[in-house]
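*Asks:* model the following, please.
(2 chains)
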Number of protein chains: 2
Amino acid sequence: MNAPLRIGVAGLGTVGTALLRLIERHGNELAIRCGRPIAVTAVSARDRRRERGVAIDHLRWFDDPVALAGDPGTDVFVELIGGADGPAHVSVRTALAAGKHVVTANKALLARHGVGLAELAEEKQVSLNFEAAAAGGIPIIKTLREALAGNTVNRVYGILNGTCNYILTRMEEEKLSFAECLSAAQRLGYAEADPSFDIDGFDTAHKLALLTAIAFGTRIDADSIYVEGISSVTHADIEAADELGYRIKLLGVASRTESGIEQRVHPTMVPKASAVARIDGVTNAVAVEADFVGQLVLSGPGAGGAATASSVMSDIADIARGDRVGTFGRPASQLEPYRQAGIRLHEGGYYIRLSVYDRPGAFAAIAQRMADRRISLESIVQRRRAPRAGAPGHLVAVEPQPVILITYETTETAIREALASIKADGHIVGDPQMIRIEPFA
Amino acid sequence: MNAPLRIGVAGLGTVGTALLRLIERHGNELAIRCGRPIAVTAVSARDRRRERGVAIDHLRWFDDPVALAGDPGTDVFVELIGGADGPAHVSVRTALAAGKHVVTANKALLARHGVGLAELAEEKQVSLNFEAAAAGGIPIIKTLREALAGNTVNRVYGILNGTCNYILTRMEEEKLSFAECLSAAQRLGYAEADPSFDIDGFDTAHKLALLTAIAFGTRIDADSIYVEGISSVTHADIEAADELGYRIKLLGVASRTESGIEQRVHPTMVPKASAVARIDGVTNAVAVEADFVGQLVLSGPGAGGAATASSVMSDIADIARGDRVGTFGRPASQLEPYRQAGIRLHEGGYYIRLSVYDRPGAFAAIAQRMADRRISLESIVQRRRAPRAGAPGHLVAVEPQPVILITYETTETAIREALASIKADGHIVGDPQMIRIEPFA
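*Replies:* Reported below is the predicted structural model:
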């Protein structure tokens, strides 16, 4: 039997403790599968005394993760601290500089510093692996980086945030408002006390940035991703989507277009029969469209300690066997500059919901504004609300009426201009609601 | 740049020519991703002159694949000949013995000789990779062998044959008979002229045998798999399933039970909301349930030249980078003997369709036979057919009536004994139809 692979784990939250439990429970089996024992030898966390349900007394303890990262008694540094900068960044950099392999689940760190860290890893001829950073337990990094090596990827998209998918699923199933479902998610531990990072789409954007780099071989540019969250989605939208044969999902989408790579995160209407439409609750799913394989869909748990630890262990096992792949599937020097296709160039169908004053000429004016931008309408749904009880003989027709428009394929620029004109005309109350439609399979 | 990896391809059917096309089209990109050029240098097939839409004139030609396998001018032997024995087996053995890496898409070969070949590969310290053998373009081998290294798998199951899934999907969608859909599949090239290998479940069984070996770390035993095909599934069954909230799929299922590993292939009723129920047409899907990751589902093309070539290329890329994993995820010597849990020990719910003579006491007798084996019924559906037009005053009640029973969980032994007694009692026409129910998520 070969020498053990010595692991140092920084961060003992749900993922870190699950990893310790995994290695404890499956140690014998791991040694057989990897050809050598996997031994956690040192740990670092904020509080040594906290009860974690797993023994750490026999492990060397470091108060400072950076000290652990530089410690010569370990071969692999596992970073489970979190955060784009600070101790996570410094310790990962320290470990790589010391010639250690690094495994991390930290999407924020990689979205910001991934290319530089990959360059350092290559210089030191060590691995920088991050299966757990993009989709929890789903092996999408391995799939893109290794299994699809012989493919040109044209599009990668998916449900990458369980909190949002849980909220949207519940809104649909139980006819609840966004706010009610968010509270439920918080009660169940599916959403943070400050949920904005999830529900505003930034978590999805970080993950998408990593998938894009591997899928298209481009340098990471998380800041240029167009991001819209789910807080503006109403139950009226979900109901209208249902009637029209769609479901609403928060998707991250990256696709190859003539003008560059389009990366966007927003609520999306997808056909009910599509693979992503069928993913409910906290489950995540990633679809890849590539020239030789066609479409692959992977679904599974996008979060949770045990599932995430499974992906961290996958990365460690690769290192234990001596298997090395470039961090983003190729040498970092060979990542091409990211050429952004701005959201304004996006082409697709749109769902528009307006609250229209019910007065003569209002609808004609709206239709004309769409026609001015050469936007064709696939369907128009106007359902008259029951008029409010007014004094007998009083007109109540000024009560605004919901109007739903589905457009044929048009451009983001055209739709935005049309909606700005419609708003300026003064026939609608508030802002128009606009949700992009994707005819995914 | 490192030295090219020299590939010899034996078999130039749809997969072989797609592989040549892939390497031709993506050569530059592959060199970047793999760190060295991938060069096909020699080929072997039956007919050198056949028009294949891809140039082979510049490649060394071998009439005999075994000669190519032994040729010192290649580093990797890609076996795309097919068949469990004969030239495929001899050439793979020859290549391994010569110290060459082997990539194969040949499930029949591996189901029969996989363990012996894996031992030879280990002895020679070369790779024997077979991503394309289990589920076409779906990277399930890489997922089980590498991504789930830290998990104990409890169950793996899936739709592993596109022909069967196409036929069942069409029967459901278009209310056609099995025979009509089989003809359609043959016209479209989804089924062979002799379709028995697919529709009788043996193709699924070969694939399942390979998944089982990796998932449970056991030696391959394809012959002990319980196999039922789809030819007995009628439209009445599909309609009844639909009404009861199920769909019928041909599944391969391998699960860990107290008495051993249960491996079976048969038409299965799965809840409409389950992941596998939603897989239509020729698409394949594999679900894995494991202790840390929970449930993962991978879906995609299970066949086709381009998708299969994508998986063959994945195997070649691993070899090019020097990444090596044991053929079945561990040293062949560490595969445990396969301890079979016979189908008689299977526990689950059952769907039973009987054609019952409509006479006093018939139904009571049937119910008693079930009760004798302590089988509880979850539902009973008896729909009286419109009586045939008979002479006025004539009884037409001898016309048999369809009766559908859904049982609660019971054992295969109990159900078989009950059905044998029911048949012996003479109250039913023909054989009972029996389809196993799986409450998959």
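*Asks:* from now on I want contacts and neighbour counts done on CA atoms only, so please keep to that.
*Replies:* Fine.
*Asks:* identify the bridge partners of the nearest residue to A:I279 once chain neighbours are set aside.
*Replies:* Closest residue in space to A:I279, ignoring its immediate chain neighbours: A:A285 at 7.0 Å, by CA to CA, 6 or more residues apart in numbering or on different chains. Note on A:A285: beta-bridge partners A:I159, A:S299, judged by DSSP bridges.
*Asks:* wait, A:A285 sits on A:V297?
*Replies:* Yes - using CA atoms under 8 Å, A:A285 is in contact with A:V297, at 6.9 Å.
*Asks:* of the two, who's got more company?
*Replies:* Between A:A285 and A:V297, counting by other CA atoms under 10 Å in any protein chain shown, A:A285 is the more crowded of the two (29 against 21).
*Asks:* ok, now how distant is the more buried one from A:A277?
*Replies:* Using CA to CA, to the nearest Å, one gets 10 Å for the distance from A:A285 to A:A277.
*Asks:* how about A:L211?
*Replies:* Taken as CA to CA, the spacing of A:L211 relative to A:A277 amounts to 20 Å.
*Asks:* settle it for me: which of the two has more neighbours?
*Replies:* Each of A:L211 and A:A277 has its neighbours counted (other CA under 10 Å); A:L211 has more, 27 against 20.
*Asks:* in a helix, the more buried one, correct?
*Replies:* Yes - counting by DSSP: H, G, I helix; E, B strand; the rest coil, A:L211 falls inside a helix.
*Asks:* dump the residue contacts of it.
*Replies:* A:A134, A:I141, A:L144, A:V156 (CA atoms under 8 Å, 6 or more residues apart in numbering or on different chains).
*Asks:* among those residues, which are in strands?
*Replies:* A:V156 (DSSP state E).
*Asks:* out of the contacts of A:L211, who's the most crowded?
*Replies:* Most neighbours among the contacts of A:L211, by other CA under 10 Å: A:A134, with 27 neighbours.
*Asks:* for the residue lying closest to A:I316 once chain neighbours are set aside, give me phi and psi.
*Replies:* Leaving aside its chain neighbours, A:I316 sits nearest to A:V103 (7.0 Å; criterion: CA to CA, 6+ apart). With angles defined as degrees, to the nearest 10, A:V103 sits at phi -120, psi 130.
*Asks:* ok, now how distant is A:V103 from chain B?
*Replies:* As defined by CA to the nearest CA, to the nearest Å, A:V103 lies at a distance of 14 Å from chain B.
*Asks:* my understanding was that that residue contacts A:D315; is that so?
*Replies:* Yes - in terms of CA under 8 Å, A:V103 counts as a neighbour of A:D315; the distance is 6.5 Å.
*Asks:* what does the stretch 101-250 of chain A put close to chain B?
*Replies:* By the criterion of CA under 8 Å from any CA of the partner chain, the positions of the stretch 101-250 of chain A lying close to chain B are A:G137, A:I138, A:P139, A:K142, A:T143, A:E146, A:A147, A:L148, A:A149, A:G150, A:N151, A:T152.
*Asks:* how about a markdown table for those residues, with secondary structure and pLDDT added?
*Replies:* Listed next are those as a markdown table, based on DSSP: H, G, I helix; E, B strand; the rest coil; pLDDT from 0 to 100:
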| residue | secondary structure | pLDDT |
| --- | --- | --- |
| A:G137 | coil | 98 |
| A:I138 | coil | 98 |
| A:P139 | coil | 98 |
| A:K142 | helix | 98 |
| A:T143 | helix | 98 |
| A:E146 | helix | 98 |
| A:A147 | helix | 98 |
| A:L148 | coil | 98 |
| A:A149 | coil | 98 |
| A:G150 | coil | 98 |
| A:N151 | coil | 98 |
| A:T152 | coil | 98 |
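*Asks:* what ranges do the strands span in the stretch 151-300 of chain A?
*Replies:* Residue ranges of the strands in the stretch 151-300 of chain A, as given by DSSP state E, counting those that start in this stretch, are A:153-159, A:226-227, A:246-257, A:260-271, A:283-290, A:294-301.
*Asks:* of those, which is nearest A:L188?
*Replies:* strand A:283-290 (14.9 Å; CA to CA).
*Asks:* looking at the stretch 151-300 of chain A, which residue is nearest chain B?
*Replies:* Nearest to chain B in the stretch 151-300 of chain A, going by CA to the nearest CA, is A:V293, at a distance of 4.0 Å.
*Asks:* mind listing what that residue touches?
*Replies:* Here A:V293 is in contact with A:L148, A:N151, B:G137, B:P301, B:A306, B:A307, B:T308, B:A309, B:S310 (CA under 8 Å, 6+ apart).
*Asks:* give me the neighbour count for the third one.
*Replies:* Each residue near B:G137 was counted by other CA under 10 Å, and the total is 32.
*Asks:* just list the residues touching it, thanks.
*Replies:* By CA under 8 Å, 6+ apart, B:G137 lies in contact with A:V293, B:G300, B:P301, B:G302, B:A303, B:A307, B:T308, B:A309, B:S310, B:S311.
*Asks:* same check on the last one?
*Replies:* In this structure, B:S310 makes contact with A:A147, A:L148, A:A149, A:G150, A:N151, A:F292, A:V293, B:L19, B:L22, B:G137, judged by CA under 8 Å, 6+ apart.
*Asks:* name the residues of the host helix or strand of A:E122 that come out as buried.
*Replies:* Assigned by DSSP states H and E, A:E122 belongs to helix A:107-123. The neighbour-count check on helix A:107-123 (16 or more other CA atoms under 10 Å in any protein chain shown) flags A:107-115, A:117-122 as buried.
*Asks:* right, I'll call it a day here.
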